[in-house]
Every structure is written in structure tokens, then in C-alpha cells.
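>>> predicted structure and sequence below. I'll ask about it afterward.
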Amino acid sequence: MSTNSRRFRRYWGYRGKSVRFRMPQGWMATRIPALIFDGIVEIGCLFFLYFGNRVFILLILLESCWSERTSDCFNPEIAPLSYGQCAPTAIVICEHFGGEILKTQVNKLAGGSIRHFYNCIGGKRYDFTLNQFDIPDYWCEVKYDDTPSSIEDALTETMNDQADVMRNEFATAIKNVQTDG
């Protein structure tokens, strides 16, 4: 049995448990084996969310949660869905999958900067809202400095009940895919 590292994938389950599992020969997204824990699997540049033997793309679930209630900047007519969603998203991912929250400063082309939050799970950086900076002639390239942060720090970037709304929306999205026939 080959132990070629390209045939293994890392899996992050509940409470930050990290295990490696062998990908079956001839693997395809529709043939992922059932696993013991629900969690995130990274394959290429996509992140898959496991529920038993069913698989969902995590970014699609996150996008279904983002709204004007989770970010005052939300306006899909002029900006990516993820615009202004970094703090509530980093909080929800950290609470559900463990790991830690990191932050960095992102500069605007016209001057000034903002704090940007993202996750580190199993020692790997995950930025589910990076595409919010895909606005031409507005942002400089994101240069990560991976400054340790926290849920409390990320909460200071949210207003009103945005983090709670994101928590509720994500819990609902998770519940719907777990029980969806």
C-alpha cells in the first residue's frame, strides 16, 4: 500500500482534532468515504465540509450566511459577498472548528488601512473572506503578518449583533445540510 503524501489529506474535526486519512484510489468529490467526525477537508484550493458521508463546499455555506445583518458593508451590487465579513466569519470558524484567529493590516491604495481577521487551523492559514479585496483600484495586495488575535478582538470589529447573527445563520446552515434529505 502506497504512502505517497499526495494520496493523504489532512482533516480537521470537532474541537481541533487533526487526523490524516488515506484518499481512496480513483477519488472524486462524490466518492468521499464517511468519516467519524464532521469537519473540514482541504483538497486543492477548495474546502469541503463533511457530514457523515455527505460533502458540502464550506464557502457556499458561508456565503449563504453573509448579509447586511452580518456586515454594514454588505452590498453585492458593488462588492464581493465577503466584503466586511472577515470578523464574524473568523469567529464562527474558530468556534466551530477550533484553531486560532489571526489578523493583519490591509492597506488601501488611497492611504489608510483596516484590520483583517482570518483563521489558522492545524497550523495552516485559512482566509475565507480574502476575495473581499478583489476590488480593482481600491486595495493593496494582502500581506499576512499572522498576528495572533482572539474572538474578543475580532468582536471589536463587529457592530450590534453581527457576530450573533452570523453564529445563528451558520448554525442554521449546518443544521440544514445535516438534516437535508
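Alright, I've got the coordinates. For clarity, every value in this text was computed on a predicted model and none was experimentally measured.
>>> please enumerate the helices of the protein.
58-65, 86-97, 151-155, 162-179 (DSSP state H).
>>> between those, which one is closest to I78.
Nearest to I78, of all the helices of the chain, is helix 58-65, at 16.5 Å by CB to CB. In this view, the C-beta of every residue, glycine as well, is placed from N, C-alpha and C.
>>> name the helices or strands packed onto that closest one?
Under the contact definition 3 or more CB pairs under 8 Å, 6 or more residues apart in numbering; DSSP states H and E, helix 58-65 sits against strand 46-51, helix 162-179.
>>> worst average pLDDT in these?
Across the helices and strands packed on helix 58-65, strand 46-51 has the smallest mean pLDDT, namely a mean of 55.
>>> just the pLDDT at I57, thanks.
72.
>>> who's it bridged to?
F48 (DSSP bridges).
>>> any low-confidence regions in the chain?
1-56, 177-181 (pLDDT under 70).
>>> related to what we said a few turns ago, and the helices of the chain, which is most packed in?
Across the helices of the chain, averaging neighbours per residue (mean count of other CB atoms under 10 Å) puts helix 86-97 on top, at a mean of 25.
>>> residues making contact with it?
12, 14, 16, 39-40, 62, 65-66, 70-71, 82, 99-101, 116-119, 121, 126-129, 132, 149, 151, 154-155, 157-158, 162-163, 165-167, 170, 174 (CB atoms under 8 Å, 6 or more residues apart in numbering).
>>> that helix to helix 58-65, inter-axis angle?
Computed by axes from the mean of the first three to the mean of the last three CA atoms, to 10 degrees, the angle separating helix 86-97 from helix 58-65 equals 120 degrees.
>>> since that was my last question, I'll sign off now.
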